[in-house]
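J.: please work out how this folds:
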Amino acid sequence: MLDSLRRELLALRDNDLALREELLAAGELSGPYHPRMEAIHVENAARLREIIADYGWPGNDLAGADGAEAAWLIVQHSIGEPEFMRTALRLMEDCVEQGRVPAWHAAHLEDRIALYEGRAQRFGTQTIDDPRDGLARPWTIADPDRVNGLRASVGLKPLPAIPPPGRDLPPEIRHQHESNQEWWLDWLASRGWRRR
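T.: Residues are numbered from 1 along each chain as shown. Here you go, the predicted structure:
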């Protein structure tokens, strides 16, 4: 294991999460992609690409379990870079076969890519806020009858209970949620994830 690589990945992750907490506390993460959040995601992805070029995917053997998980988080957050995320998924799937990373890493990334591409997800790891009542529910699941078996096969617990419909949000809040979703759909299209 390369401890310097592990420490660098953990530092990149910690910077991302610290900024996320700061922006959440300030109430600045509920709408469009915050420029500071986007900037740290772009910087972290650029550094992870360099690490991959030097070492290959930083699995448990290279970066320790927590370093590998930090690399997974960095790629999960590189949402403005579809090709990088798809390439990382292929590398991660190879590492799963070799026992170098847990299978749930690839499952989460596969689902996230499906969400951004507008396809149904297999493992039910990605949620979206329902603009009607504001509650988070899983993005469309490809095979709801088999999802818990698939989750178990990659080391995930059964899908949590999906909340029943709640009270409708006030019209002005619902409109804001709908506007935010439209912004995100436009943004995803601008990055090449899907067509509008």
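J.: please enumerate the strands of this protein.
T.: 127-129, 136-138 (DSSP state E).
J.: columns mean neighbour count, mean pLDDT and distance to His108 on top of those, output as TSV?
T.: Where C-beta positions appear, they are placed from N, C-alpha and C, glycine not excepted. Below are the strands of the chain laid out as TSV (neighbours: other Cβ atoms under 10 Å; pLDDT from 0 to 100; distance: least, Cβ to Cβ, whole Å):
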stretch	mean neighbour count	mean pLDDT	distance to His108
strand 127-129	14	94	12
strand 136-138	14	95	13
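J.: mind putting these in a markdown table, distance to Gly155 included?
T.: Listed next are the strands of the chain as a markdown table, based on distance: least, Cβ to Cβ, whole Å:
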| stretch | distance to Gly155 |
| --- | --- |
| strand 127-129 | 19 |
| strand 136-138 | 18 |
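J.: quick check: which of these is nearest to Ala161?
T.: Nearest to Ala161 among the strands of the chain is strand 136-138 (10.5 Å), distances taken as Cβ to Cβ.
J.: please name the residues that touch the residue nearest the centre of the chain.
T.: By Cα atoms, centre = their mean, the chain has its centre lying nearest to Gln76, at 3.7 Å. Neighbouring residues of Gln76 by Cβ atoms under 8 Å, 6 or more residues apart in numbering: His108, Leu109, Arg112.
J.: switch to 10 Å and redo it
T.: When contacts are counted by Cβ atoms under 10 Å, 6 or more residues apart in numbering, Gln76 touches Asp16, His41, Met85, Ala88, His105, His108, Leu109, Arg112, Ile113, Thr125.
J.: kind regards, and thank you for your time.
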